[in-house]
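Colleague: Fold the following.
(2 chains)
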Amino acid sequence: MKIIVCVKQVPDTSGKVAVNPDGTLNRASMQTITNPDDMNAVEAALKLKDETGCKVIVVTMGPPPAASMLRELMAMGADEGVLVSAREFGGSDTYATSQILAAAIDTIGVEKDDIVMCGRQAIDGDTAQVGPQMAEKLGLPQVTYAADIHKDGENITVKRMLEDGYMTIKVQTPCLLTCIKELNNPRYMSIGGIYATYNKPLETFDYEKLKDHRLINVDTIGLKGSPTNIFKSFTPPQKGAGMMLEGDGKETCEKLASILVNKHII
Amino acid sequence: MDFNLSREHQLIRKMMAEFTENEVKPIAAETDLNSEYPRENIEKLFDLGVMGMCVPKEYGGTGADPLASAICIEELSKQCASTGDIVATHNGLCCDPILTHGTEEQKKKYLPMLTTGHKVGAFALTEPNAGSDASKGQTEAKLEGDHYVMNGSKIFITNGYVADVFVVFAMTDKSKGTKGISAFIVESSFPGFSVGKHEVKMGLHGSPTAEIVFTDCIVPKENMLGREGRGFPIAMQTLDGGRIGIAAQALGIAEGALNEAKEYTKGRVQFGKPISKFQNTQFTFADMELGCEAGRLLTYQAAVLKGQGVRYTKEAAMAKLFCSEHAMKTTTKALQMFGGYGYTKDYPMERMMRDAKITEIYEGTSEVQRIVISANMGL
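Modeller: Down below sits the predicted model:
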C-alpha cells in the first residue's frame, strides 16, 4: 500500500502580498509555504503510515526551488518525493495541471491498495478543481472535503464536511481524497526526520519524461495551452466601516429603523 | 570559511521557530505567572527528538551536533527562556557527560531513558558553600561493598524536582582536594534521594529549580561516571559545553526582546510618528542587532568547535559571557522602549528582563567567565 500526496508551494499570504503591474501575483518576491490544506493531506497520509506502515510519496508541480518543500515534508515522515518541473509546464491552469499531475501519478503507479490525497484547494487560486479533475483522469473514485478518514481493510470510511452537515461515505481503494483543515493538525518536522530527509529519494519528472504519456495532450498544457485566461485582476474596493448600535433591544431597533428610513430603504 | 548554516541546520531553525510560535509563545506568560513546569511542551520536545538530540542513534538520539542543539535552545528562548533552560540542562549537562564519560553499560542504560524514554536529566554540582569555588563541595560518597553511600545536599539544581536522572559530584576522598571528587549517575528513585526546597526565583519561573538531598543515599558502584577522583575535570568539561547552551539561551532572549521591541515601536506613535522613526530608537536598535549578530557568531563558533572535537573552553566562555551581558542590556533597553507598558505583565518585556539576569550568573558567573578566558590567554 502507498499513499501519493499532491502538494503545492504557494505564496505566504500572511506576509507581504506583492502584485505585478498586470495584476498577477509576484511570486518571486514573496515567501512561500506549503498550501495549508495540503499539509492536512500529508498529515492524514502520515497517520495512515503510522497505523499501517505504508509508503508515503509527496508529489508537487513547480519550479526547482519547490524541491525544498518536498524535503520538509520528507522531514515530517514522507518516504519519497517527486518534483514535476519543466518550463513547458509553467503557467498551467487547473485543466492543464491536472493532466500533468495525473500523468505523473500514473507514472509512479496507482495499485489496488493505494490512495491519492490532495488538499481541498490552494490558497492562491482557490479553485478546488485539480483534485477532482485528476480523479476523473485517473479513473479513480473521489471523495472531497474529507474531515475524517478511517481505513478498515480495503474500505475507507470518509466523513465529508458539507456546508450544512456531514456525509459519511465508504469508498474502496484505489481512490482519491481531498482534505480540509478540520481533518487534523499537521505534525512538525522532527530532528531525526530532518537528518534523514536529504538521504531520501527525490526524483524529478521533466517534460521529456511525461510528454508522451496518454493522459497528456501537449497542446493543452502550459500557459499557451491552458483554456483559462485571466481577463482582469484587481483588488476589490474596501467596504466602509460598519456601525454598531448599542442599547437594549427596543432602543437599537428604533435606531436601526430610523437609519433605514433616513436612507429611504424602508 | 562558510558562514551559512547547513541545509539541516536551516530546517531545524525553521522547525523550532514554528514550534516556538505555535506551542511555546501562547503559554509563556502563564508558565511564568504560575511558575508552572511546561510539561506538555517538554513531552512534545521529546517526541520531536529535541531532548537528548546529540545522543547517537544507537542510544535513542538523533546524532545531532552541538550547533543544532544551540539553535533549538536559541529559538525556544526567544519566547520562553525557561523552556530553553530545561532543554539546555538536559542536553548539555546530563546527556553530554554520560555520553562523553560513561561506560558502554551506562550509555546503554541511561541514554535511551533520556531520549526515547522521556526521562528528564539534571546536573548537581553547586552546594551552599561551593558556588563559583566548586571544588569546596561537602557532599560525600563512601564505598561500602558494592555501593556508595552518599550524604550531603546540592542547591539551585535546574530540573531538580522533575528530573529522573542526575549527574552528581561528590567527594570520595576528602584528603585529595579536587582530585578526591568523583562523578556519579544518580536516579531520583534511589533510596535516600529526596528533593528539598523548591526555589522561588526572580525569573525562569517555568524552570524547576530545587535543592537535592542525599541521606545515606545508595548509589550502585557501577554508577560512578568516569574514574574515581576525575569528577572535577568532568564537571569543568561539562560546564564548557553547558555554556554554549546558556549562550544560546541568552542570545534567544536578546533576539526575542529585540523582535518584540521592533514590533512595538513601529506601532507606538508619540509626537506624531512611530517611535521606531526616532534616531535614538534606531541607534539603540543598531546596538542590539550588532550584539545579537556578534553573539550568534561567538556561540555558533563554540558549538562548531565542540562538534569538531577540538578544545573550545575559551570560546564557550566568551560566547556565554558576551551573550548573557548582551541579553541583560538588550532586555533593559527594549523594556525602556515600551515605557510604562514594558513594566507591566501585559507585555513580555519584564519577564524577559528577569529571565536574562540569571544567564549572567549560572553555569559560571560573568566573573568566572573572565577568569576562564584570561586563564586561556597565556598570561
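
Colleague: contacts and neighbour counts: CA atoms only from here.
Modeller: Will do.

Colleague: any idea how far B:T116 lies from A:K159?
Modeller: 34 Å (CA to CA, to the nearest Å).

Colleague: same thing with A:L73?
Modeller: Taking CA to CA, one finds A:L73 at 25 Å from A:K159.

Colleague: So those two - more neighbours on which side?
Modeller: Using other CA atoms under 10 Å in any protein chain shown as the criterion, A:L73 and A:K159 rank with A:L73 on top: 27 against 20.

Colleague: tell me the contacts of that one?
Modeller: A:42, A:58, A:189 (CA atoms under 8 Å, 6 or more residues apart in numbering or on different chains).

Colleague: so it is in which element?
Modeller: A:L73 is part of helix A:66-76 when elements are defined by DSSP states H and E.

Colleague: in that helix, what counts as buried?
Modeller: Neighbour-count burial for helix A:66-76 flags A:66-67, A:69-76 (criterion: 16 or more other CA atoms under 10 Å in any protein chain shown).

Colleague: What about the residue in the stretch 51-200 of chain A positioned nearest to chain B, how many residues nearby?
Modeller: Distances between the stretch 51-200 of chain A and chain B by CA to the nearest CA are smallest at A:S190, namely 4.6 Å. Neighbours of A:S190 under the rule other CA under 10 Å: 25.

Colleague: Quickly find the element holding B:Y148.
Modeller: strand B:147-158.

Colleague: Quick check: A:K255 is in a helix.
Modeller: Yes - assessed by DSSP: H, G, I helix; E, B strand; the rest coil, A:K255 belongs to a helix.

Colleague: so who does the nearest residue to it once chain neighbours are set aside touch?
Modeller: Excluding the flanking residues, the one nearest A:K255 by CA to CA, 6 or more residues apart in numbering or on different chains is A:L245, at 7.5 Å. A:L245 makes contact with A:252, A:255-256, according to CA under 8 Å, 6+ apart.

Colleague: How about the residues of the stretch 151-266 of chain A by chain B?
Modeller: Contacts of the stretch 151-266 of chain A with chain B, taken as CA under 8 Å from any CA of the partner chain, map to A:188-192, A:194-195.

Colleague: Of the residues you listed, which belong to helices?
Modeller: A:191-192, A:194-195 (DSSP state H).

Colleague: ok so, going back, residues contacting the strand holding B:Y148, please?
Modeller: For strand B:147-158, with CA under 8 Å, 6+ apart as the criterion, the contacting residues are B:86, B:89, B:122-128, B:138-143, B:170, B:199, B:207-222.

Colleague: Please pick the buried ones from these.
Modeller: B:86, B:89, B:122-127, B:138-142, B:170, B:199, B:207-214, B:216-220.

Colleague: Which members of those occur in strands, if any?
Modeller: B:122-124, B:140-142, B:170, B:209-214, B:216-220 (DSSP state E).

Colleague: isn't B:E255 right up against B:K78?
Modeller: Yes - here B:E255 reaches B:K78: they are 6.1 Å apart, a contact under CA atoms under 8 Å.

Colleague: so what's the residue nearest to A:E111 when sequence neighbours are not counted up against?
Modeller: Closest residue to A:E111 apart from its sequence neighbours, by CA to CA, 6+ apart: A:P174 at 6.6 Å. Counting by CA under 8 Å, 6+ apart, A:P174 makes contact with A:110-116, A:140-141.

Colleague: most surrounded residue in these?
Modeller: In those, the most neighbours by other CA under 10 Å go to A:V116, 27 neighbours.

Colleague: In stretch A:129-149, which of the residues would be classed as buried?
Modeller: Buried-residue list, stretch A:129-149, by 16+ other CA under 10 Å: A:129-135, A:137-138, A:140, A:142-149.

Colleague: does whatever residue of the stretch 251-379 of chain B ends up closest to chain A belong to a helix or a strand, and which?
Modeller: Nearest residue of the stretch 251-379 of chain B to chain A (CA to the nearest CA) works out as B:E263 at 14.0 Å. In this assignment (DSSP H and E), B:E263 forms part of helix B:231-267.

Colleague: Nice, that's everything, thank you.
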